[in-house]
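> Fold the following and give me the result.
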Amino acid sequence: MTHPQVYQPEADTYLLLEAVLSEIVPGERILEVGTGSGYIASRICGNAMVLATDINPHAMREARESGLEVARADLLEGIRGPFDLVIFNPPYLPTKEEERIEDWLEHALDGGKNGRAVISRFAGQVRRVLAPGGRVLILVSSLTGIAEVIALFRESGFHVRIIASRDVFGEDLLVIRCQTGGS
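Below you'll find the model as predicted:
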């Protein structure tokens, strides 16, 4: 059982894991940003070298207890690459100021006013830790504006392609693959 302040694996987690499993190349260096309970990282660490990060100390503890190498970080601050693959299930829920709750779980959910605040910061930082030809798999929700998220990554110089999708109770969840150079 995970700590109540740690994001529990849900449909978005499972969709991202499926995409990661179809993308991973044995022996790669992989970074999972915002690992939460470590569910995804723990399922791929046998095939690759994985570093998991989270800002939430409860999430870090849980990920460490599942045997993962974990670093506390706000997105990519203090993280050095290069990584072949960066995975991120970002906080993407549009959240008004009056809806905010000051707790650790909020970091996993609150995507800012339009749902893209954290995604925008990530898109501007991630190239710094990518190996040449490296790629990013990021989960996106229709609640966040899929076209807008794709545009953020294209503006950061990535080629973007949707590689997985699922409808979950009227919300479209997609995994987009972002890569510099050809994709």
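
> how about the helices in the chain?
For the chain, helices defined by DSSP state H occupy the ranges 11-23, 39-44, 57-65, 106-109, 117-125, 146-155.

> Minimum distance to residue 137: which of the ones you listed has it?
Residue 137 lies closest to helix 11-23 among the helices of the chain, at 5.6 Å (C-beta to C-beta). C-beta coordinates here come from the backbone N, C-alpha and C atoms, glycine included.

> Do I have it right that residue 152 meets residue 117?
No - Residue 152 lies out of contact with residue 117 (C-beta atoms under 8 Å); the separation is 11.0 Å.

> any chance of the helices of the chain in TSV, plus distance to residue 175?
As requested, the helices of the chain are exported to TSV (distance: least, C-beta to C-beta, whole Å):
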stretch	distance to residue 175
helix 11-23	4
helix 39-44	12
helix 57-65	21
helix 106-109	17
helix 117-125	13
helix 146-155	11
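
> out of residue 152 and residue 117, which sits in the more crowded spot?
A direct count of neighbours by other C-beta atoms under 10 Å for residue 152 and residue 117 places residue 152 higher, at 21 against 17.

> Next, work out how far apart that one and residue 174 are.
Between residue 152 and residue 174 the distance is 14 Å, computed by C-beta to C-beta, to the nearest Å.

> do residue 37 as well
Residue 37 is 22 Å from residue 174, by C-beta to C-beta.

> try residue 81
For residue 81, the distance to residue 174 - C-beta to C-beta - is 25 Å.

> Same check on residue 135?
Taking C-beta to C-beta, one finds residue 135 at 15 Å from residue 174.
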